[in-house]
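Enquirer: give the three-dimensional model of this entry:
(chains A and B)
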Amino acid sequence: MTATDTDATVITPQAPAAREHRLAATIARFRPGVIALVILVIFGLTTIRNANFATGASIQAILSIAAVYMLLAIGEAMVIITRNVDLSIGSTLGLSAFAVGELFTHDPHTSIAVAFLVGIGIGAACGALIGVITTLIRVPSLVVTLAALYVIRGFVNIIGSGIQIEPSVFPQSLVTFGYSTVIGIPWMFLIVVAVALAAAYWMYAYPAGRELYAIGSNPAAAALAGIPTTLRVFTVFVISGALAGLGGVLFDAQVATVNSTAGTGYELIVVTAVVVGGVAIFGGSGSVIGAVLGAILLQVINQALVAARISSFWDQAIAGALLLAAISFDRLLAVRAARALVAEKGVSYVE
Amino acid sequence: MSSESRGRVRARGLVRWESALVVILIAVVLFGVAESSTFWSTTTIFFGGLDIGQVAIMALPMTMIILTGEIDLSVASMLGLGCAVFGYAFEHHTGVVGAMLIALAVGAIGGALNGFLVARVGLPSIAVTIGTLTMFRGIAEILLGQSEVSGFPPSLEQIGIAPIFLHLAYPFFFFLVLAAIYGVVVHRTAFGRSLYAIGLNTEAAFFAGIRVRRTKFLLYVVSGVICAATGIIYSLQAASAIYTAGTGLELNVVAVVLFGGISIFGGRGSVIGVVLSVIIVGLTEVAFTTINISSQEQQVIFGGLLLLSVVVPNVGEVRNRIRGRVRRAAPPVSAGGGL
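Expert: Just a heads-up that it's a prediction; the model follows:
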């Protein structure tokens, strides 16, 4: 899909735009901060309507439900930053969740560490397969991961048709892990935050991480600059798959009742969260932290509606409008920044 | 994608693709006949057409949009919204025709919103339509909630029970008529040619005098109207209107279109390919259902076919690359093919 702008490429200079440019740049740079602010505002407003919203239990519930989406958003953000997309994550999560459930069904004495390794391994294998097809055959990732969405989900249905894995199958320690907290914060949330910080640091400070942005901004230029684009793209798909696999195990720990539909439809929710979080859908900009905050924001809205006794029917309409607002806002900033650039440097042609 | 040899490889692959679809279609029919004694019957035509109907109809506007290099992921939500609006209006005593008109108008408005954001504001269509996907479904949910509207005139509910003629289900007949119109418009009019021009090179199309923005806007409006119409058909076919109608079908629609040989980058493919793809998918579903493979399990085959449809045209290139014969001066356009 080309997003080429044919019209409006030539922009007339405007003098007082320089300050606007700085403001726009500041807001763009602090997107995660803006989202965090929005989360706090919603939180405050909801608490005014319903004091119970700010209690520890309520916050814990939001954080642990958000955890799985946040985890998926980390991988999806990395994939989208390289100008690809991964629609298979919901199915991969389902496969991992179901396979780990089956593992405990057949061998109740499996250790939790093994369960985590199996889940992550299954996810990484799916990601590797997608990565190979995408990079080797150079088929658009949208198509490959769409196909993978069906193939993996179909596979889950074949092995799991009519089977429902009950909570009793899972060892008590895993289920407890789904609920237990440390200083009032769910363990699950802490794990996800650790993963997010590690990913963010890698993408900020390591050459390989920076190269993901280069690939997303201009794949051809990145390849000419000597960046191993194939390897990098392959790697982000493996990471995305592995995180979806880990998400499957966390899903088991949290939901404990698993059937073959686990994770259905997560992919579009996660893409929404990532884009709301400031990752450009055509790659090259955004951050993992923003994406994770985007996932929290969607969950906070969801829960806030319930707490404010507004019908939860509004949830989806708001999430959709939020996405449209986020991309329109980004567009506005980009146009302003381009104008300011023209004003400052006298460039007459801005792409 | 400037390399000429690559272009030729692609072109040859496409010429083969429609032929490949015919071969696959024959294979599916033979498979169905061999596996099930009831496959070669009129019920297959009726129920196959009934099941695939909604996806089939929505695949046509999607074809045009993907030809221009954009995408519309909000189609299934628009189906749901059309269904909800139709039910809501009917419940509020607008009469069936009134309810239909209101639903179609809402479809046009929703399509215009997509079109405005994509064509006028210049936002990426994949992000816009994921947003409207969520939003349209949300509005449908606000309108109907968990309630269900039924009690449509029995004569109209016939479309879910009886064939229109010759064992053809109504939705599928509607699809065939629409496909004929689309075929003529896409392949026999200047407008249709302009879609390919936009898809192959938006900028060149713009400088050639094609009204790129207006065309894209129009395509989204038409898509909205047709998807809302599909929602009405769904309501009558199921004899009830619910807000969850068609949930998740958007990816099926995209998959059917891509399997039909429409390039995700735009500018390549044909309506006949999409029609063949629809028939193959419909017949495959019937064939597998008759041998007790559930529709969930069929997803493996569906996904495999989709993958095949993009891999096969590229096989020659991959072989060359592996042998190391292709040493391009310029690197590929996008690592991993992009979005």
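
Enquirer: buried sites along the strand or helix carrying residue A:98?
Expert: Assigned by DSSP states H and E, residue A:98 belongs to helix A:89-106. Within helix A:89-106, the residues scored as buried using 16 or more other C-beta atoms under 10 Å in any protein chain shown are A:89-104. Heads up, the C-betas are built off the backbone N, CA and C, glycines and all.

Enquirer: show me where chain A has its helices.
Expert: A:17-29, A:31-49, A:56-81, A:89-106, A:112-136, A:141-160, A:172-179, A:187-205, A:207-217, A:219-224, A:229-255, A:266-276, A:288-307, A:314-345 (DSSP state H).

Enquirer: now tabulate those in TSV and tack on distance to residue B:42 and mean pLDDT.
Expert: Below are the helices of chain A laid out as TSV (distance: least, C-beta to C-beta, whole Å; pLDDT from 0 to 100):
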stretch	distance to residue B:42	mean pLDDT
helix A:17-29	61	60
helix A:31-49	57	86
helix A:56-81	46	91
helix A:89-106	36	92
helix A:112-136	40	93
helix A:141-160	29	87
helix A:172-179	53	80
helix A:187-205	55	92
helix A:207-217	53	93
helix A:219-224	52	91
helix A:229-255	44	93
helix A:266-276	38	90
helix A:288-307	48	89
helix A:314-345	41	80
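
Enquirer: just put those in CSV and tack on distance to residue B:41.
Expert: Output for these, formatted as CSV (distance: least, C-beta to C-beta, whole Å):
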stretch, distance to residue B:41
helix A:17-29, 62
helix A:31-49, 57
helix A:56-81, 45
helix A:89-106, 34
helix A:112-136, 38
helix A:141-160, 27
helix A:172-179, 51
helix A:187-205, 53
helix A:207-217, 53
helix A:219-224, 51
helix A:229-255, 42
helix A:266-276, 38
helix A:288-307, 48
helix A:314-345, 42
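
Enquirer: helix or strand right after the host helix or strand of residue B:104?
Expert: Assessed by DSSP H and E, residue B:104 sits inside helix B:95-115. The first helix or strand that comes after helix B:95-115 along the chain, using DSSP H and E, is helix B:125-144.

Enquirer: picking that back up, minimum distance to residue B:309: which of the helices of chain A has it?
Expert: Nearest to residue B:309, of all the helices of chain A, is helix A:141-160, at 8.3 Å by C-beta to C-beta.

Enquirer: pull out the buried positions in the closest one.
Expert: So for helix A:141-160, counting by 16+ other C-beta under 10 Å, buried means A:141-158, A:160.

Enquirer: give me the angle between the helix holding residue B:104 and helix B:125-144.
Expert: 150 degrees (axes from the mean of the first three to the mean of the last three C-alpha atoms, to 10 degrees).

Enquirer: contacting residues around helix B:95-115?
Expert: B:72, B:74, B:78, B:81-83, B:85-87, B:89-90, B:94, B:125, B:128-129, B:132, B:136, B:152-153, B:156, B:216-229, B:231-232 (C-beta atoms under 8 Å, 6 or more residues apart in numbering or on different chains).

Enquirer: what average pLDDT does that helix get?
Expert: For helix B:95-115, the mean per-residue pLDDT is 93.

Enquirer: any idea how far that helix is from the chain center?
Expert: 19 Å (C-alpha atoms, centre = their mean, to the nearest Å).

Enquirer: list the buried residues in that helix.
Expert: Buried residues in helix B:95-115 (16+ other C-beta under 10 Å): B:96, B:99-100, B:102-104, B:106-108, B:110-115.
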